[in-house]
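Participant: Fold the stuff below for me.
(4 chains)
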Number of protein chains: 2
Amino acid sequence: MSMMTLRLDAFLPYRLSVASNAVSTRISASYRRRFGLKVPEWRLLAILAEGSEMTPQALGNAARIDKISVSRAAAALIERGLIVARANPGDGRSHLLALTTDGRGLYAEIAPIALAMEAELLGNFSQEERDQFNALLRRIEAAAGTDSA
Amino acid sequence: MSMMTLRLDAFLPYRLSVASNAVSTRISASYRRRFGLKVPEWRLLAILAEGSEMTPQALGNAARIDKISVSRAAAALIERGLIVARANPGDGRSHLLALTTDGRGLYAEIAPIALAMEAELLGNFSQEERDQFNALLRRIEAAAGTDSA
DNA sequence: TATTGTTATACTCTATAACTATA
DNA sequence: TATAGTTATAGAGTATAACAATA
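Facilitator: Numbering: from 1, shown residues only, chains lettered A, B, ... in the order given. Sure, this is the predicted structure:
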């Protein structure tokens, strides 16, 4: 009877969870403290700043947020006047969300800070390591998304 | 006035969070469904299986779990008869936790499944990529743990 | 009927704070 | 006084289900 032993320390889901938690605890505290934003709210701002107006569904796909969280985050941002909704001419069930001037202003304030935090976390990563890390994360994500279990 | 734009898609904290969430959603659902274990409970079993009896504090350090979660997870495991507590001869405030025979049995059942899930997630990773990924995660974790912000 | 979006509800994980018992 | 551990409480994130409006 051989005792199978797993080293938690080298177990990937554990390492990934610990690293992700350490990073997001630190970063989300900064968003909240400095800007009163929750993570899903910040993600919506970032996606909207990249392009033009979008439906909640498209936003959720782009930011990897389920429709319930999109709905709540959008409501909070609308209430603060950071985004606006207008009717979707193509589909009456939906609407189009876009940044306001205030929203663009807040985003312009946050983006450099977010990049600085990222740079701090990746302080000693070479560009190659950074690209590699990103690629590995995408592969993991794709494998986890597969419905084979 | 240059508009600073950040690509959320390439923003590391975002990628890390998405990958970690995809992995842990999938794996934790398996622990819960098949074994009735929450993640902190599984971690305590894994750490105790690696060595001998430990205090809650030592367990928390080894499994990266705060003392409140250790306390709750340990209580759940004790109630199920998977671990036992005995007085700590060196410190009356504390106690020593160890796996029971049942606990060892359950661990022996889970460990191969956990390793299989990990292998599935890392299916197309070479050993070198795997080691590199682990090392990068540790560096990120260390950088995030630093109290410079 | 199916889909978009909202609301209600619940669960996991984490964090803060107050408490106890020992040191 | 300080520390180990427990309990209470609250918040963020995510998930399921039921619902309203429109397709």
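Participant: What strand or helix carries the residue nearest to residue A:63 when sequence neighbours are not counted?
Facilitator: In space, and not counting its chain neighbours, residue A:63 is closest to residue A:43: 4.1 Å by Cβ to Cβ, 6 or more residues apart in numbering or on different chains. In this view, the C-beta of every residue, glycine as well, is placed from N, C-alpha and C. Residue A:43 is located in helix A:39-50, with elements delineated by DSSP states H and E.
Participant: Would you mind measuring from the residue nearest to residue A:63 to residue A:70?
Facilitator: Separation of residue A:43 from residue A:70 (Cβ to Cβ, to the nearest Å) stands at 9 Å.
Participant: now what about the helix holding residue A:43, what contacts it?
Facilitator: Contacts with helix A:39-50, where a contact means Cβ atoms under 8 Å, 6 or more residues apart in numbering or on different chains, come from A:24, A:28, A:31, A:35, A:37, A:54, A:59, A:62-65, A:69-70, A:72-74, A:76-77, A:82-83, A:97-99, A:103-104, A:106-107, A:110-111, A:114, B:5-8, B:11, B:14, B:17.
Participant: near DNA strand C at all, it?
Facilitator: No. When contact is scored as Cβ under 7 Å from any atom of the strand, no part of helix A:39-50 falls within range of DNA strand C; the minimum is 11.3 Å.
Participant: Give me the contact status of that helix with DNA strand D.
Facilitator: Yes. On the criterion Cβ under 7 Å from any atom of the strand, helix A:39-50 is in touch with DNA strand D at A:39-40.
Participant: Now the helix or strand that contains residue A:77: buried residues?
Facilitator: Using DSSP H and E, residue A:77 sits within helix A:67-79. Residues of helix A:67-79 classed as buried by neighbour count (16 or more other Cβ atoms under 10 Å in any protein chain shown): A:69-70, A:73-74, A:76-77.
Participant: For the one helix or strand residue A:111 maps to, name the packing helices and strands.
Facilitator: Residue A:111 belongs to helix A:101-121 when elements are defined using DSSP H and E. Helices and strands touching helix A:101-121, by 3 or more Cβ pairs under 8 Å, 6 or more residues apart in numbering or on different chains; DSSP states H and E, are helix A:12-35, helix A:39-50, helix B:12-35, helix B:127-145.
Participant: Might one say that residue A:60 is in contact with residue A:66?
Facilitator: Yes. The pair residue A:60 and residue A:66 passes the contact test of Cβ atoms under 8 Å, sitting 6.4 Å apart.
Participant: For these two, indicate the residue with more neighbours.
Facilitator: Between residue A:60 and residue A:66, counting by other Cβ atoms under 10 Å in any protein chain shown, residue A:60 is the more crowded of the two (23 against 9).
Participant: residues touching the more buried one, list them.
Facilitator: For residue A:60, the contacting residues are A:66-67, A:69-70, by Cβ under 8 Å, 6+ apart.
Participant: what about 7 Å?
Facilitator: In this structure, residue A:60 makes contact with A:66-67, A:70, judged by Cβ atoms under 7 Å, 6 or more residues apart in numbering or on different chains.
Participant: same thing with residue A:11?
Facilitator: In this structure, residue A:11 makes contact with B:114, B:118, judged by Cβ under 7 Å, 6+ apart.
Participant: Now with 10 Å, please.
Facilitator: Each residue near residue A:11 by Cβ atoms under 10 Å, 6 or more residues apart in numbering or on different chains is listed here: A:17, B:27, B:43, B:46, B:111, B:114-115, B:117-118, B:134.
Participant: In chain A, which residue sits nearest DNA strand D?
Facilitator: residue A:92 (2.6 Å; Cβ to the nearest atom of the strand).
Participant: re the thing from before, overlap in contacts, residue A:43 and residue A:70.
Facilitator: Shared contacts of residue A:43 and residue A:70 (Cβ under 10 Å, 6+ apart): A:59-60, A:63.
Participant: what does chain A have sitting close to DNA strand D?
Facilitator: Within reach of DNA strand D by Cβ under 7 Å from any atom of the strand, chain A has these residues: A:28, A:32, A:38-40, A:65-66, A:68-69, A:72, A:91-93.
Participant: Pipe the residues you listed into CSV and attach pLDDT per row.
Facilitator: As requested, the residues of chain A next to DNA strand D are exported to CSV (pLDDT from 0 to 100):
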residue, pLDDT
A:28, 93
A:32, 93
A:38, 96
A:39, 96
A:40, 97
A:65, 96
A:66, 95
A:68, 96
A:69, 97
A:72, 97
A:91, 97
A:92, 96
A:93, 97
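Participant: Brilliant, that's me finished.
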